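> any chance you could fold what I've pasted below:
(2 chains)
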2 protein chains.
Amino acid sequence: MINETYKHMIGEKSVIREIAETASARRREIGAGNVFDFSLGNPNVPVSPAFTKAMMDLYANTDSQTLHGYSPSTGNMAFRERIADSLNRRFGMQYEAKHIFPVSGATAALAHALRAVTMMGSEVITFAPFFPEYRPYAQACGASLTVLNSDPDTFQIDFEALESTINEGTAAVLINTPNNPSGAVYSEDTLRRLGELLERKQREFDHDIFLISDEPYREIVFDGASQPYPSKYYRNTLSCYSFSKSLSIPGERIGYVAIHPEATDADLLAVIFAQISRTIGHNCPSSSMQLAIAEIPDATSELGVYETNMNLLYDALVDLGFTVTRPGGTFYIFPRTLEPDAVSFCKKAMDYDLFMVPSNSFGMPGFMRLSYCMETAQVEAGIERLAKFVRENY
Amino acid sequence: MINETYKHMIGEKSVIREIAETASARRREIGAGNVFDFSLGNPNVPVSPAFTKAMMDLYANTDSQTLHGYSPSTGNMAFRERIADSLNRRFGMQYEAKHIFPVSGATAALAHALRAVTMMGSEVITFAPFFPEYRPYAQACGASLTVLNSDPDTFQIDFEALESTINEGTAAVLINTPNNPSGAVYSEDTLRRLGELLERKQREFDHDIFLISDEPYREIVFDGASQPYPSKYYRNTLSCYSFSKSLSIPGERIGYVAIHPEATDADLLAVIFAQISRTIGHNCPSSSMQLAIAEIPDATSELGVYETNMNLLYDALVDLGFTVTRPGGTFYIFPRTLEPDAVSFCKKAMDYDLFMVPSNSFGMPGFMRLSYCMETAQVEAGIERLAKFVRENY
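A predicted model of the protein is given here:
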């Protein structure tokens, strides 16, 4: 008896994946240089050399049981200490090792954070445009996902909508800044207002409302700016991080949940996460990965190419008549399509071997997402193709 | 609102972990050489040099995106192909790549296999003595775990009990051979009878009954024998494997589920597993680990010390008057305690700095588990201490 729930999920095919598969097929037909695939967010800059060096040093100098042995159920202590130090230094936090829980990537971070603070029937609120996997993540906990629109010009939170939506059953608010797909960076003002609103709603409903902050793009912020650290502005915050983008190691599956030191049950939450691990088959990320990252908690790859690519695309899109908000970070840009039906627009573009994701996937019609994880030359060639497509059709 | 379910799980402390913690505290007090810790199954032989070489070669010769990029949702194709080849060659199977699903260790393998073939209210049957984490694993799927006793002399399956227990609601039978904690290796006869019984029960109840075979100790078998491959004897088998013990890399979290090519939905099950991954925050094991193992699918560490240690312990236990079945594999031995109350026996032994796990944890009173993942000299010293304990108390 195969469980039909999971079988049915296969039917709900990911639009992003379908587009990427079509793009792959075209690459095989006409060569990679002739396909302009802005669909998949797959980091393309090389891994940080500091990471490779740290790993090589570990293999050369560490005994087998330390390098490859079981981690404690709450993770390797060196990793937890060094991450706590790094966050404290960078963001003025007061984390101790016990507040850091290593996980195998942001997906696992969210799986733990959501399970810890929801129960069957809880509501989780997030903001469109949003990463579509949030829905299965929430549903797998027995929670429902309520999606509110962001301000369509700034992609900051619409506080009136949030104010009137939070209710007795709201267990968590899930944010993602810098944001996939809009590239928006929540401002200090947004985060402060969010923190104040949640504090007030906690008092009103007399129970905790957790802020789950999904931050895999934290290190990719443009114009010399940086992402204000959400946990600074609200006590009950669980910060979910992955090194996938900052170190360009998405296949290695390593990240952490950082528990605000003054969150409810802050000293217990990592132990609760370890119990959640038992129920979902998680058992810490790779031990050698934890040890390598403990050596270089602040390292990043050379991420500058994303800003170069963003600027080229932003200027081109504006020139071509698109309405587009300049991204503050990530490797995405999110213009309005030149016709209201984003699916129709993106389908027509595919005839020009231009692959972009219609925004319906992200809960907000009328836009499209372009990912620019690619060589700058390919972005430039893609811009020429986009210009041709627009010229001939709009 | 912290989810109370997980909070309560903290209360159900693992006895094995408690004993190990007491042993650790004693090591700090009196030195590691004076503590005889037979409690934790933590592989102590060095990692296979073939694994280290494969990883070093990959870091030296593979581009960053291939080595560290996202895996496809059903895993790296080289890994899937090479594991299929290896199993076909070694066990005369007919796997194709699509039947192999890489996972982050045996825990993740079981999390996927159990979810795929159970639904809320399903029954999973297993055999005592059994690995105690099977219970939370099954419960997390909404299934119940029914535990049947094995034959207490051979630790093979009691087929009369199984025959009369399987019912309309039975979705899966979960076996573990070589077995933790007994060290028993299911014989070809046991596996053949099990396959025949399950085929018959499938017809009787007119639905699939899956065999979930947990095989992390497959490569640790003594006397030049080998573990008959359970999937050879029954079509609807999901083989759950981890490289933790064979390569001595338990912290790296890498293994696979192998789907029998003639299982129901065999060609779909890996895709179903990928859907399950979305719901539990699993997202393939480390990409570099998959690639390294694809290079050395048959490699193992030098595992002979486990057999040396087993023989020493077995002979000593017999000499000291214990009733004990000689293990066929693993790094465990499972004698009857010298008084019926195993907890009382193991508690008294702790006064001699001897740490062993009472069998109540494994669903079978009156025995204890000794793990011998340690230097042979430490086993010999432990035997002397055990002799002193027995002499002075029994």
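> ok, now which ones touch the residue positioned nearest the centre of chain A?
When CA atoms, centre = their mean is applied to chain A, the residue found nearest the centroid is residue A:216 (4.5 Å). By CB atoms under 8 Å, 6 or more residues apart in numbering or on different chains, the residues touching residue A:216 are A:106, A:240, A:241, A:242, A:244, A:245, A:255. Using the backbone N, CA and C atoms, a C-beta is placed for each residue, glycine as well.
> then residue A:195?
A:211, A:233, A:234.
> I'd assumed residue A:187 was in contact with the second one.
No. The pair residue A:233 and residue A:187 does not pass the contact test of CB atoms under 8 Å, sitting 10.9 Å apart.
> of the contacts of residue A:195, which belong to strands?
residue A:211 (DSSP state E).
> circling back to that earlier point, quickly note the distance from the residue nearest to the centre of chain A to residue A:40.
15 Å (CB to CB, to the nearest Å).
> from the stretch 51-200 of chain A, which residue is nearest to chain B?
As assessed by CB to the nearest CB, chain B sits closest to residue A:111 within the stretch 51-200 of chain A, at 2.6 Å.
> which strands and helices sit next to the strand or helix carrying that residue?
Assigned by DSSP states H and E, residue A:111 falls within helix A:106-117. On a contact count with 3 or more CB pairs under 8 Å, 6 or more residues apart in numbering or on different chains; DSSP states H and E, helix A:106-117 meets strand A:100-103, helix A:134-140, strand A:170-176, strand A:210-214, strand A:237-242, strand A:255-259, helix A:266-280.
> can you show me the CA trace of stretch A:92-100 as PDB?
The C-alpha trace of stretch A:92-100 is given here as PDB (Å, rounded to 0.1, in the frame of the first residue of the first chain):
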ATOM      1  CA  GLY A  92      25.500  42.400  18.500                       C
ATOM      2  CA  MET A  93      23.600  39.300  19.700                       C
ATOM      3  CA  GLN A  94      24.100  37.400  22.900                       C
ATOM      4  CA  TYR A  95      23.900  33.800  21.600                       C
ATOM      5  CA  GLU A  96      25.600  30.900  23.400                       C
ATOM      6  CA  ALA A  97      26.400  27.600  21.800                       C
ATOM      7  CA  LYS A  98      23.200  26.100  23.200                       C
ATOM      8  CA  HIS A  99      21.200  28.500  21.000                       C
ATOM      9  CA  ILE A 100      22.700  27.200  17.700                       C
END
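> might you report the residue contacts of the residue of the stretch 51-200 of chain A closest to chain B?
With CB under 8 Å, 6+ apart, residue A:111 has these contacts: A:103, A:137, A:140, A:276, A:280, A:282, B:280, B:281.
> next, count neighbours for the residue nearest to residue A:359 when sequence neighbours are not counted.
Excluding the flanking residues, the one nearest residue A:359 by CB to CB, 6 or more residues apart in numbering or on different chains is residue A:367, at 3.6 Å. Using other CB atoms under 10 Å in any protein chain shown, the number of residues around residue A:367 comes to 26.
> for residue A:19, report the pLDDT, please.
The score at residue A:19 is 87. That number is its pLDDT.
> not counting sequence-adjacent ones, nearest residue to it?
residue A:39 (4.5 Å).
> check residue A:6 too.
Take residue A:6 and drop its neighbours on the chain: the residue closest to it by CB to CB, 6+ apart is residue B:275, 4.4 Å away.
> my read: the one you found touches residue A:4, true?
No. The criterion here is CB under 8 Å, and residue B:275 misses it with residue A:4 at 11.2 Å.
> same drill for those two, tell me which one is more crowded.
residue B:275 (22 against 10).
> from residue A:36, how far out is the nearest residue to residue A:158 once chain neighbours are set aside?
Take residue A:158 and drop its neighbours on the chain: the residue closest to it by CB to CB, 6+ apart is residue A:151, 5.6 Å away. With the distance defined as CB to CB, residue A:151 ends up 30 Å from residue A:36.
> so which of the two has more stuff around it?
Using other CB under 10 Å as the criterion, residue A:151 and residue A:36 rank with residue A:36 on top: 25 against 15.
> what bridges to that one?
Going by DSSP bridges, residue A:36 is paired in beta bridges with residue A:354.
> show me what contacts it?
Neighbours of residue A:36 in contact, by CB under 8 Å, 6+ apart: A:352, A:353, A:354, A:355, A:378, A:381, A:382, A:385, A:386.
> is any part of stretch A:251-258 close to chain B?
Yes. Using CB under 8 Å from any CB of the partner chain, we find that stretch A:251-258 touches chain B at A:251, A:252, A:253.
> same check on stretch A:62-72?
Yes. Using CB under 8 Å from any CB, we find that stretch A:62-72 touches chain B at A:63, A:64, A:65, A:67, A:68, A:69, A:70, A:71.
> what about the closest residue in space to residue A:337 that isn't next to it in sequence, distance to residue B:197?
Among residues not flanking residue A:337 along the chain, residue A:345 sits closest, at 3.9 Å (CB to CB, 6+ apart). Using CB to CB, residue A:345 is found at 59 Å from residue B:197.
> ok, residue A:152 next?
62 Å.
> with residue A:203 instead?
Following CB to CB, the distance that separates residue A:203 from residue B:197 is 61 Å.
> pretty sure residue A:51 contacts residue A:247?
Yes. Counting by CB under 8 Å, residue A:247 is a contact partner of residue A:51 at 5.2 Å.
> what's the burial count for the closest residue to residue A:371 other than its chain neighbours?
Of all residues not flanking residue A:371 in the chain, residue A:41 sits nearest, at 4.7 Å (CB to CB, 6+ apart). Neighbourhood size, residue A:41 [other CB under 10 Å]: 24.
> then residue A:304?
Residue A:304, neighbours per other CB under 10 Å, totals 11.
> thinking again about what came up before, which residues sit in contact with the residue nearest to residue A:337?
Residues near residue A:345 by CB under 8 Å, 6+ apart: A:337, A:338, A:339, A:358, A:368.
> which among the contacts of residue A:36 end up buried?
Using 16 or more other CB atoms under 10 Å in any protein chain shown as the burial test, the contacts of residue A:36 include A:352, A:353, A:354, A:355, A:378, A:382, A:385, A:386 as buried.
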